[in-house]
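> The sequence and its predicted three-dimensional model are supplied below.
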Amino acid sequence: MFNIFRSRRLWLLVIVLFLLIFTINYTSKNQSFFSRLESPVITILSPAQKVLSTATAAIKESLGTIPDILALKKQNEELKKQVAELEQYKQKFLEYQKENINLRSLLGLKQRNYQYDLETAEVIGREPGNWFNVILIDKGEESGIKKDMAVITDKGLVGYILSAGKNFSKVILITDNRCSVSAMIERTRDNGILKGTIEPAPMGYIKMVYLPQEANIIKGDTVISSGLGGLIPKGIIIGEVVEAQKETNGLMQYAIVKPEVDFQKLEQVFVIKNHNGSQGGMNP
(Lines give C-alpha, C1' and ligand atoms only; values in the text may rest on other atoms or scores of the structure.)
Protein backbone atom coordinates (compact mmCIF):
# COMPACT_ATOMS: atom_id res chain seq x y z
CA MET A 1 0.00 0.00 0.00
CA PHE A 2 2.78 2.36 0.92
CA ASN A 3 4.64 1.53 -2.31
CA ILE A 4 1.58 2.34 -4.39
CA PHE A 5 1.23 5.71 -2.64
CA ARG A 6 4.88 6.48 -3.24
CA SER A 7 4.51 5.44 -6.83
CA ARG A 8 1.62 7.83 -7.38
CA ARG A 9 3.49 10.74 -5.86
CA LEU A 10 6.48 9.96 -8.00
CA TRP A 11 4.42 9.85 -11.17
CA LEU A 12 2.70 13.11 -10.20
CA LEU A 13 6.08 14.75 -9.69
CA VAL A 14 7.29 13.49 -13.04
CA ILE A 15 4.15 14.87 -14.79
CA VAL A 16 4.48 18.28 -13.14
CA LEU A 17 8.16 18.42 -14.06
CA PHE A 18 7.36 17.46 -17.63
CA LEU A 19 4.71 20.19 -17.87
CA LEU A 20 7.11 22.78 -16.56
CA ILE A 21 9.80 21.81 -19.02
CA PHE A 22 7.26 21.84 -21.83
CA THR A 23 5.94 25.26 -20.83
CA ILE A 24 9.40 26.78 -20.59
CA ASN A 25 10.43 25.33 -23.89
CA TYR A 26 7.19 26.41 -25.62
CA THR A 27 7.15 29.97 -24.28
CA SER A 28 10.77 30.51 -25.22
CA LYS A 29 9.92 29.64 -28.81
CA ASN A 30 6.36 31.07 -29.00
CA GLN A 31 6.33 34.41 -27.11
CA SER A 32 3.79 35.82 -29.58
CA PHE A 33 1.21 33.37 -28.22
CA PHE A 34 1.11 35.11 -24.87
CA SER A 35 1.12 38.48 -26.53
CA ARG A 36 -1.99 37.44 -28.46
CA LEU A 37 -3.52 36.09 -25.25
CA GLU A 38 -2.73 39.27 -23.29
CA SER A 39 -4.89 41.56 -25.44
CA PRO A 40 -8.28 39.80 -25.00
CA VAL A 41 -7.61 39.26 -21.32
CA ILE A 42 -6.87 42.94 -20.80
CA THR A 43 -9.95 43.86 -22.88
CA ILE A 44 -12.17 41.64 -20.73
CA LEU A 45 -10.72 42.89 -17.46
CA SER A 46 -10.48 46.57 -18.48
CA PRO A 47 -14.03 47.65 -17.38
CA ALA A 48 -13.60 46.00 -14.02
CA GLN A 49 -10.17 47.55 -13.65
CA LYS A 50 -11.60 50.98 -14.56
CA VAL A 51 -14.39 50.61 -11.97
CA LEU A 52 -11.91 49.55 -9.32
CA SER A 53 -9.60 52.41 -10.23
CA THR A 54 -12.43 54.96 -10.06
CA ALA A 55 -13.69 53.57 -6.76
CA THR A 56 -10.17 53.61 -5.36
CA ALA A 57 -9.71 57.23 -6.40
CA ALA A 58 -13.09 58.21 -4.94
CA ILE A 59 -12.34 56.50 -1.67
CA LYS A 60 -8.94 58.15 -1.55
CA GLU A 61 -10.48 61.55 -2.29
CA SER A 62 -13.20 61.02 0.34
CA LEU A 63 -10.67 60.05 2.93
CA GLY A 64 -8.68 63.12 1.99
CA THR A 65 -11.68 65.44 2.54
CA ILE A 66 -12.53 64.13 6.00
CA PRO A 67 -10.12 66.56 7.71
CA ASP A 68 -11.59 69.40 5.63
CA ILE A 69 -15.14 68.41 6.64
CA LEU A 70 -14.18 68.33 10.30
CA ALA A 71 -12.47 71.71 9.97
CA LEU A 72 -15.56 73.19 8.26
CA LYS A 73 -17.81 71.79 10.97
CA LYS A 74 -15.68 73.36 13.67
CA GLN A 75 -15.59 76.66 11.77
CA ASN A 76 -19.38 76.55 11.33
CA GLU A 77 -19.88 76.06 15.06
CA GLU A 78 -17.57 78.99 15.80
CA LEU A 79 -19.46 81.20 13.31
CA LYS A 80 -22.79 80.25 14.90
CA LYS A 81 -21.38 81.21 18.29
CA GLN A 82 -20.16 84.54 16.93
CA VAL A 83 -23.56 85.23 15.31
CA ALA A 84 -25.31 84.52 18.64
CA GLU A 85 -22.93 86.90 20.43
CA LEU A 86 -23.50 89.58 17.79
CA GLU A 87 -27.28 89.19 18.17
CA GLN A 88 -26.89 89.79 21.91
CA TYR A 89 -24.75 92.87 21.28
CA LYS A 90 -27.30 94.11 18.75
CA GLN A 91 -30.14 93.64 21.23
CA LYS A 92 -28.19 95.45 23.95
CA PHE A 93 -27.35 98.26 21.54
CA LEU A 94 -31.01 98.69 20.56
CA GLU A 95 -32.02 98.68 24.22
CA TYR A 96 -29.35 101.27 25.09
CA GLN A 97 -30.42 103.35 22.10
CA LYS A 98 -34.04 103.25 23.22
CA GLU A 99 -33.03 104.06 26.79
CA ASN A 100 -30.93 106.97 25.54
CA ILE A 101 -33.91 108.37 23.61
CA ASN A 102 -36.11 108.01 26.70
CA LEU A 103 -33.52 109.72 28.90
CA ARG A 104 -33.19 112.60 26.42
CA SER A 105 -36.96 113.02 26.41
CA LEU A 106 -37.07 112.96 30.20
CA LEU A 107 -34.18 115.43 30.37
CA GLY A 108 -36.07 117.73 28.02
CA LEU A 109 -39.12 117.38 30.25
CA LYS A 110 -37.07 118.37 33.29
CA GLN A 111 -35.64 121.36 31.50
CA ARG A 112 -39.11 122.51 30.37
CA ASN A 113 -40.48 122.06 33.89
CA TYR A 114 -37.56 123.42 35.87
CA GLN A 115 -39.99 125.00 38.36
CA TYR A 116 -40.96 121.54 39.60
CA ASP A 117 -39.04 119.09 41.73
CA LEU A 118 -39.39 115.96 39.58
CA GLU A 119 -38.61 112.52 40.98
CA THR A 120 -37.81 109.88 38.34
CA ALA A 121 -39.33 106.46 38.94
CA GLU A 122 -39.46 103.12 37.14
CA VAL A 123 -42.69 101.24 36.55
CA ILE A 124 -42.24 97.88 38.27
CA GLY A 125 -45.68 96.32 38.00
CA ARG A 126 -49.43 96.59 37.68
CA GLU A 127 -51.99 95.86 40.35
CA PRO A 128 -53.88 92.60 39.69
CA GLY A 129 -57.46 93.28 38.68
CA ASN A 130 -56.64 96.86 37.66
CA TRP A 131 -54.33 96.15 34.73
CA PHE A 132 -55.12 99.35 32.84
CA ASN A 133 -55.79 101.58 35.86
CA VAL A 134 -53.18 101.14 38.62
CA ILE A 135 -49.40 100.82 38.25
CA LEU A 136 -46.59 100.32 40.77
CA ILE A 137 -43.45 102.48 40.78
CA ASP A 138 -40.14 101.93 42.59
CA LYS A 139 -40.17 105.14 44.66
CA GLY A 140 -42.03 105.90 47.87
CA GLU A 141 -41.90 107.84 51.12
CA GLU A 142 -38.12 107.48 51.37
CA SER A 143 -37.88 109.56 48.17
CA GLY A 144 -40.30 112.20 49.46
CA ILE A 145 -43.31 110.87 47.55
CA LYS A 146 -46.72 111.33 49.12
CA LYS A 147 -50.31 110.44 48.37
CA ASP A 148 -52.00 112.49 45.61
CA MET A 149 -48.83 113.84 43.96
CA ALA A 150 -49.15 114.22 40.18
CA VAL A 151 -47.40 111.69 37.91
CA ILE A 152 -46.36 112.62 34.35
CA THR A 153 -44.15 111.58 31.42
CA ASP A 154 -42.66 113.61 28.58
CA LYS A 155 -45.93 112.90 26.69
CA GLY A 156 -48.36 114.13 29.29
CA LEU A 157 -50.36 113.37 32.41
CA VAL A 158 -50.34 109.81 33.75
CA GLY A 159 -52.33 110.15 36.97
CA TYR A 160 -51.50 110.67 40.63
CA ILE A 161 -50.22 108.77 43.66
CA LEU A 162 -52.96 106.60 45.11
CA SER A 163 -50.87 105.42 48.07
CA ALA A 164 -47.20 105.54 49.05
CA GLY A 165 -45.19 102.87 50.81
CA LYS A 166 -41.64 103.04 52.11
CA ASN A 167 -39.95 102.35 48.75
CA PHE A 168 -42.84 101.93 46.34
CA SER A 169 -46.06 103.68 45.37
CA LYS A 170 -49.32 102.95 43.61
CA VAL A 171 -50.32 105.30 40.80
CA ILE A 172 -53.94 105.60 39.72
CA LEU A 173 -54.16 106.36 36.01
CA ILE A 174 -56.46 108.99 34.55
CA THR A 175 -58.30 106.16 32.76
CA ASP A 176 -59.57 104.80 36.11
CA ASN A 177 -63.26 105.61 36.67
CA ARG A 178 -62.39 106.66 40.24
CA CYS A 179 -60.13 109.42 38.92
CA SER A 180 -61.22 113.06 38.37
CA VAL A 181 -58.98 115.86 37.11
CA SER A 182 -59.75 119.52 36.38
CA ALA A 183 -59.04 120.22 32.71
CA MET A 184 -59.61 122.70 29.92
CA ILE A 185 -59.81 122.86 26.15
CA GLU A 186 -56.54 124.59 25.25
CA ARG A 187 -57.94 126.43 22.21
CA THR A 188 -61.20 127.74 23.70
CA ARG A 189 -60.17 127.78 27.42
CA ASP A 190 -63.46 126.05 28.33
CA ASN A 191 -63.18 124.21 31.65
CA GLY A 192 -64.51 120.83 32.63
CA ILE A 193 -63.76 117.72 34.65
CA LEU A 194 -62.00 114.66 33.24
CA LYS A 195 -63.26 111.33 34.51
CA GLY A 196 -61.85 107.90 33.85
CA THR A 197 -63.37 105.46 31.41
CA ILE A 198 -67.14 105.82 31.71
CA GLU A 199 -69.83 105.41 29.08
CA PRO A 200 -69.94 106.25 26.27
CA ALA A 201 -66.12 106.51 26.25
CA PRO A 202 -64.47 103.29 25.00
CA MET A 203 -61.96 101.41 27.12
CA GLY A 204 -58.70 103.36 27.46
CA TYR A 205 -60.34 106.71 26.67
CA ILE A 206 -61.59 109.33 29.15
CA LYS A 207 -64.68 111.53 29.31
CA MET A 208 -64.60 115.29 29.87
CA VAL A 209 -67.83 116.46 31.45
CA TYR A 210 -69.48 119.73 32.60
CA LEU A 211 -68.45 121.58 29.46
CA PRO A 212 -70.57 124.68 28.68
CA GLN A 213 -73.40 124.14 26.19
CA GLU A 214 -72.15 126.98 23.99
CA ALA A 215 -68.52 125.79 23.95
CA ASN A 216 -67.16 125.44 20.42
CA ILE A 217 -65.38 122.10 20.80
CA ILE A 218 -64.13 120.29 17.72
CA LYS A 219 -62.37 117.04 16.99
CA GLY A 220 -58.60 117.39 17.42
CA ASP A 221 -58.73 119.99 20.21
CA THR A 222 -55.98 119.56 22.81
CA VAL A 223 -57.01 119.02 26.43
CA ILE A 224 -54.68 120.23 29.20
CA SER A 225 -54.84 120.36 32.98
CA SER A 226 -56.44 123.58 34.22
CA GLY A 227 -54.80 123.76 37.65
CA LEU A 228 -58.12 124.60 39.29
CA GLY A 229 -58.71 123.31 42.78
CA GLY A 230 -55.02 122.98 43.55
CA LEU A 231 -54.88 119.54 42.00
CA ILE A 232 -52.69 118.79 38.95
CA PRO A 233 -50.38 121.66 37.88
CA LYS A 234 -51.77 123.81 35.08
CA GLY A 235 -50.78 123.26 31.46
CA ILE A 236 -49.91 119.54 31.43
CA ILE A 237 -51.10 117.85 28.24
CA ILE A 238 -53.77 115.22 28.80
CA GLY A 239 -55.01 114.21 25.37
CA GLU A 240 -56.98 115.02 22.25
CA VAL A 241 -60.72 115.36 21.66
CA VAL A 242 -62.06 112.67 19.34
CA GLU A 243 -65.76 113.47 19.75
CA ALA A 244 -67.97 116.14 21.33
CA GLN A 245 -71.69 115.74 22.09
CA LYS A 246 -74.55 117.41 23.97
CA GLU A 247 -75.61 115.85 27.26
CA THR A 248 -79.08 114.26 27.28
CA ASN A 249 -80.42 117.12 29.43
CA GLY A 250 -79.20 119.61 26.80
CA LEU A 251 -77.62 121.85 29.45
CA MET A 252 -74.01 120.72 29.09
CA GLN A 253 -71.60 119.11 26.65
CA TYR A 254 -69.19 116.26 27.05
CA ALA A 255 -66.12 115.23 25.04
CA ILE A 256 -64.43 111.88 24.50
CA VAL A 257 -60.68 112.32 24.93
CA LYS A 258 -57.89 110.04 23.76
CA PRO A 259 -55.01 110.22 26.29
CA GLU A 260 -51.64 111.30 24.96
CA VAL A 261 -49.81 108.72 27.11
CA ASP A 262 -49.74 105.07 26.03
CA PHE A 263 -50.43 103.46 29.40
CA GLN A 264 -49.61 99.95 28.23
CA LYS A 265 -46.01 100.96 27.39
CA LEU A 266 -45.10 102.93 30.49
CA GLU A 267 -41.55 102.31 31.68
CA GLN A 268 -40.45 105.55 33.37
CA VAL A 269 -42.46 108.36 34.95
CA PHE A 270 -41.91 111.59 36.91
CA VAL A 271 -43.57 112.45 40.20
CA ILE A 272 -44.11 116.18 40.79
CA LYS A 273 -43.14 116.73 44.43
CA ASN A 274 -43.32 120.50 44.97
CA HIS A 275 -46.50 121.70 43.24
CA ASN A 276 -47.64 124.63 45.37
CA GLY A 277 -51.01 124.09 46.94
CA SER A 278 -51.31 120.63 45.41
CA GLN A 279 -51.89 117.36 47.06
CA GLY A 280 -52.19 115.70 43.64
CA GLY A 281 -55.34 114.15 42.23
CA MET A 282 -58.92 114.70 43.22
CA ASN A 283 -61.25 111.99 44.39
CA PRO A 284 -64.61 111.83 42.60
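Received, thanks. Numbers count the residues shown, from 1 in each chain.

> which residues of the protein fall in strands?
118-126, 134-137, 150-152, 157-164, 169-173, 180-185, 191-195, 206-212, 222-225, 237-246, 252-259, 268-272 (DSSP state E).

> if I look at residue 170, how far off is residue 259?
With distances taken as Cβ to Cβ, to the nearest Å, residue 170 is found 19 Å from residue 259. For every residue, glycine as well, the C-beta is placed using N, CA and C.

> should've said residue 76
Between residue 76 and residue 259 the computed distance is 51 Å (Cβ to Cβ).

> Among those two, which residue is more densely surrounded?
residue 259 (23 against 10; other Cβ atoms under 10 Å).

> Setting aside sequence-adjacent positions, which residue approaches that one most closely?
Of all residues not flanking residue 259 in the chain, residue 239 sits nearest, at 4.3 Å (Cβ to Cβ, 6 or more residues apart in numbering).

> Next: residue 204.
That would be residue 175: by Cβ to Cβ, 6+ apart, it lies 6.0 Å from residue 204.

> how many other residues sit next to that neighbour?
22.

> my guess is it meets residue 197, correct?
Yes - using Cβ atoms under 8 Å, residue 175 is in contact with residue 197, at 5.3 Å.

> Please enumerate the shared neighbours of the two.
204, 205, 206 (Cβ atoms under 8 Å, 6 or more residues apart in numbering).

> Now the buried members of those.
The neighbour count (16 or more other Cβ atoms under 10 Å) marks 205, 206 as buried among those.

> Surely the residue nearest to residue 259 touches residue 262?
No - using Cβ under 8 Å, residue 239 is not in contact with residue 262, being 11.2 Å away.

> These two: which has the busier surroundings?
Neighbours were counted for residue 239 and for residue 262 using other Cβ under 10 Å; residue 239 has more, 25 against 10.

> ok, what's across the strand from that one?
Assessed by DSSP bridges, residue 239 has beta-bridge partners residue 223, residue 259.

> swap in the one 5 residues further on?
Beta bridges link residue 244 to residue 255 when assigned by DSSP bridges.

> Which residue ranges make up each domain of the protein?
With domains defined by automatic domain parsing, the chain comprises 2-61, 118-272.
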